[in-house]
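> have a look at this fold, sequence not included:
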Ligand SMILES: [Zn+2]
């Protein structure tokens, strides 16, 4: 599927699960759903999110290199790192750092493997629920929607990673008519769910 399809369906999935009742809630939920919908493809070098992960890693390496150049030892750097992720700091920062690390690791795995698995979806939910609880459910809904959409794809995904068997339903290709249909379905469903959440109409009026 194309990124825009994953974004649209991710937003719809998050709005359906969370059912926010304020305009801020709708925007936040849709944004978290879009982020989740795009996150899984961090393992594809073609995506912007993959390039951001590489940039982030380059930044971390640059900070370590500068510390070395300033006479810090490996022990100093390890100590600073340990402090950053220690429980003595805000525990939310600890879980946020682990989530970021998980995403960087995912960026270096083979496409449609680790970041398209149940293990990844559960890890994202667990870490985000401790780092920033309000985003956990909509973000995970976006991730799950991505995994479900890619299951329809002819390439298949390693849903049960670390097991290597690939699951696929071969219903469509990454582009093409089914992809376009799902994109418009996602956009339409997002607007309907947002309008329903805000009380513009009720589900009973629609059907
Ligand atoms: Zn994917």
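The structure has been received and is ready for your questions. Computed from a predicted structure; not experimentally measured.

> least confident secondary structure element in the chain?
helix 203-206 (a mean of 69; mean pLDDT, DSSP states H and E).

> interface residues of this protein facing the ion?
40, 41, 150 (C-beta under 5 Å from the ion). Using the backbone N, CA and C atoms, a C-beta is placed for each residue, glycine as well.

> okay, the residues you listed in TSV with secondary structure and neighbour count next?
As requested, the residues of the chain next to the ion are exported to TSV (DSSP: H, G, I helix; E, B strand; the rest coil; neighbours: other C-beta atoms under 10 Å):
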residue	secondary structure	neighbour count
40	helix	31
41	helix	25
150	helix	22
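
> would you turn those residues into a markdown table with pLDDT?
Putting the residues of the chain next to the ion into a markdown table (pLDDT from 0 to 100) gives the following:
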| residue | pLDDT |
| --- | --- |
| 40 | 96 |
| 41 | 95 |
| 150 | 93 |
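
> ok, which stretches of this structure are helices?
3-18, 23-39, 48-69, 74-84, 91-107, 118-131, 133-152, 176-197, 203-206 (DSSP state H).

> least reliable of these going by mean pLDDT?
For those, mean pLDDT drops lowest on helix 203-206, to a mean of 69.

> circling back to that earlier point, so which of the helices of the chain is the most surrounded?
Stretch with highest mean neighbour count among these: helix 3-18 (a mean of 25; mean count of other C-beta atoms under 10 Å).

> and that one, what other elements does it pack with?
helix 23-39, helix 133-152, helix 176-197 (3 or more C-beta pairs under 8 Å, 6 or more residues apart in numbering; DSSP states H and E).

> what's the last one in contact with?
Where contact means C-beta atoms under 8 Å, 6 or more residues apart in numbering, the residues beyond helix 176-197 that reach it are 1-2, 4-5, 7-12, 15-16, 19-21, 25-26, 30, 149, 152, 171-173, 201-203, 206.

> will you turn the helices and strands packed on helix 3-18 into CSV that also has distance to residue 95?
CSV is the format used below for the helices and strands packed on helix 3-18 (distance: least, C-beta to C-beta, whole Å):
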stretch, distance to residue 95
helix 23-39, 16
helix 133-152, 10
helix 176-197, 28
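
> compare these and give me the one nearest residue 103.
helix 23-39 (7.1 Å; C-beta to C-beta).

> which other helices and strands contact that closest one?
Packed next to helix 23-39, using 3+ C-beta pairs under 8 Å, 6+ apart, are helix 3-18, helix 133-152, helix 176-197.

> residue 64 against residue 77, yeah?
Yes: counting by C-beta atoms under 8 Å, residue 77 is a contact partner of residue 64 at 6.0 Å.

> residue contacts, residue 17?
137, 138, 141.

> name the nearest of the residues you listed relative to the ion.
residue 141 (15.6 Å; C-beta to the ion).

> residue contacts, the closest one?
Residue 141 touches 10, 13, 14, 16, 17, 18, 33, 36, counting by C-beta under 8 Å, 6+ apart.
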